[in-house]
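okay, predicted coordinates and the sequence, questions at the end:
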Amino acid sequence: VRICLTWASGAESTISAQSQIEMTVNPPGPFAFVPRQITEAIGNRAVSIMLGALLKDFMKSLAKDFEHWASDDEYRSNREKLGMELEIDAASIIEQNESLLAYLKR
C-alpha cells in the first residue's frame, strides 16, 4: 500500500491524495478456473470502489481537522504532543521488528 498526500497553496488551497495497492490473490477451489483477467478486473474494481469511498471520507476528515488545528492554539499544542508520542511508539515498533527479524535470520 502506498498513499501520497500533496497540497498546494494559491487562490484556493487544496490537498489531494493518490494511492496504490498491490495484492496477490490465490482463488480457492473452483474459482481457480476463472480466467485471471476476469478475477483481476473484478478485484481491481472492488478495491477501487472501496478505496475511493475511504479516501473521500479521509480527506473530508483531514480538511476538518486541519481547519481546527489552524484556528485553535490549544488543539494544535495537544496534537503536537500526540505526534511526539506516536513518533516514540513508532520507533519502539521499528526496534522490536528489527530485533525479531535478526532473531528469525539466525
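Everything's here; your move.

which of the three states applies to Glu98?
helix (DSSP: H, G, I helix; E, B strand; the rest coil).

quick check: it vs Asp89, distance?
With distances taken as CB to CB, to the nearest Å, Glu98 is found 15 Å from Asp89. Every residue, glycine included, has its C-beta placed from N, CA and C.

show me how the record splits this protein into domains.
Taking automatic domain parsing as the reference, the chain has its domains at 1-71, 73-106.

got a markdown table for those, with mean neighbour count and mean pLDDT too?
Formatted as a markdown table, those follow (neighbours: other CB atoms under 10 Å; pLDDT from 0 to 100):
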| stretch | mean neighbour count | mean pLDDT |
| --- | --- | --- |
| domain 1-71 | 10 | 85 |
| domain 73-106 | 10 | 81 |
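
the helices in this protein, which residues?
36-71, 73-104 (DSSP state H).

need the contact list for the residue found closest to Ala63 once you drop the neighbours it is linked to in the chain.
Sequence neighbours aside, Ile15 is the residue nearest to Ala63 in space, at 6.6 Å (criterion: CB to CB, 6 or more residues apart in numbering). Neighbouring residues of Ile15 by CB atoms under 8 Å, 6 or more residues apart in numbering: 5-7, 59, 62-63, 66.

wait, doesn't Met59 sit right on Ser19?
No - with contacts counted by CB atoms under 8 Å, Met59 stays clear of Ser19, the gap being 11.1 Å.

circling back to that earlier point, with distance to Asn26 added, can I get the helices of the chain in a markdown table?
Below are the helices of the chain laid out as a markdown table (distance: least, CB to CB, whole Å):
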| stretch | distance to Asn26 |
| --- | --- |
| helix 36-71 | 10 |
| helix 73-104 | 24 |
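
these: which one's closest to Met23?
helix 36-71 (7.0 Å; CB to CB).

that closest one vs helix 73-104, what angle?
140 degrees (axes from the mean of the first three to the mean of the last three CA atoms, to 10 degrees).
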